[in-house]
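> pasting a predicted model and its sequence here:
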Amino acid sequence: MQIPTNFIANSDYPYDQIVYFKDYELTTNGNRYQTITIAHGLGFVPLCFGVWSESQDFEPSYTLLSEGYGPDEMILWVESDDTNIYIRKDHYPHTSGKKLYLKIYAFAPISWTGDCEPTATTSDFLLFNTDLGYSQLIAAGEVQPWPFDSQSPQTGISGEVGKDGFVELSGRSGSVSIYYYEPLQPTVMTWKTTASTGRTELRMNCVFSTFGFATSLYPSVTYNENTGFQNEHAIAINTGTTRTGQANYNDITHIRIYA
């Protein structure tokens with residue numbers, strides 16, 4: 001078995017492409033909640049992520065995530081739809097005139113098959129450098145919650161990664177099972193599109209199965225220690241359940257897994 005991380009480039013595994021990048025300086029407005037709207041012009045809903053800091057040199061920096069806190073319990077996160085990116089702030093106690101610095105990146109969803117404008121502004125830098133590591137995209141997909149009232153039995157979605165090339169995950173299921181073998185140590189990123197708002201947001205509810213609990217918010221990711229087979233490990237991605245007509249019926253969990 002050829003482990004993807006043994007190669008700088010491997011034609012069986014694509015590299016993810018940053019299709020949007022923006023530096024942004026935010027000044028707090030004195031209210032607990034604040035929203036900044038930025039048109040992205042991409043033609044699709046980008047999968048956004050990034051970091052923020054109180055310092056221009058980003059030391060230290062914090063993830064743009066509604067489930068994470070920065071200093072003084074400030075929360076910054078980004079949402080997106082098919083026209084805009086929304087920078088959201090939640091901070092109590094309120095502060096006014098404070099400068100915050102953000103770096104926002106985005107991937108294209110796997111369902112997008114059109115062209116994307118390059119984000120590079122110069123050709124003076126190396127695209128590949130053997131001194132640096134690169135994470136191949138070993139699996140990606142879009143999964144919707146499983147409806148309890150479906151007439152068809154749920155079979156689940158599963159895949160073995162890092163062995164036979166890129167794996168695409170799609171369909172309806174309450175969970176996705178990912179299997180891999182040592183020495184591979186995959187990294188999982190998930191976003192949720194909430195149908196009722198039309199917005200997409202990075203989600204990082206992660207737990208370890210050895211703790212014996214899981215989160216109720218979807219999606220969530222559980223890393224198992226092992227499956228009982230030699231050197232085999234598993235990741236479970238919970239995508240939730242629904243019923244026909246419920247608000248979350250058309251929600252989407254976007255999954256990206258890297259070597």
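Great, that's in hand.
> where do the strands sit along the stretch 151-259 of the chain?
Taking DSSP state E, counting those that start in this stretch to define them, one finds strands in the stretch 151-259 of the chain at 157-160, 167-172, 175-181, 187-194, 199-203, 205-208, 220-223, 232-238, 241-242, 252-258.
> dump the ones you listed into a markdown table; add mean pLDDT as well.
Below are the strands of the stretch 151-259 of the chain laid out as a markdown table (pLDDT from 0 to 100):
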| stretch | mean pLDDT |
| --- | --- |
| strand 157-160 | 93 |
| strand 167-172 | 95 |
| strand 175-181 | 93 |
| strand 187-194 | 94 |
| strand 199-203 | 94 |
| strand 205-208 | 51 |
| strand 220-223 | 84 |
| strand 232-238 | 91 |
| strand 241-242 | 90 |
| strand 252-258 | 96 |
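> closest to Asp16 out of those?
Ranking the strands of the stretch 151-259 of the chain by their distance to Asp16 (criterion: CB to CB) puts strand 252-258 first, at 6.9 Å. C-beta coordinates here come from the backbone N, C-alpha and C atoms, glycine included.
> what's the closest one packed up against?
strand 137-144, strand 187-194, strand 232-238 (3 or more CB pairs under 8 Å, 6 or more residues apart in numbering; DSSP states H and E).
> quick one: contacts of the first one?
Strand 137-144 is contacted from outside by 4, 13-16, 109-111, 157, 159, 161-162, 166-173, 176, 178, 186, 237, 239, 249-259, using CB atoms under 8 Å, 6 or more residues apart in numbering.
> coming back round to it: in a markdown table: the helices and strands packed on strand 252-258, plus mean neighbour count and distance to His40.
Listed next are these as a markdown table, based on neighbours: other CB atoms under 10 Å; distance: least, CB to CB, whole Å:
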| stretch | mean neighbour count | distance to His40 |
| --- | --- | --- |
| strand 137-144 | 22 | 19 |
| strand 187-194 | 19 | 15 |
| strand 232-238 | 19 | 27 |
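> looking at those strands, spot the one closest to Thr27.
Closest to Thr27 of the helices and strands packed on strand 252-258 is strand 187-194 (CB to CB; 27.4 Å).
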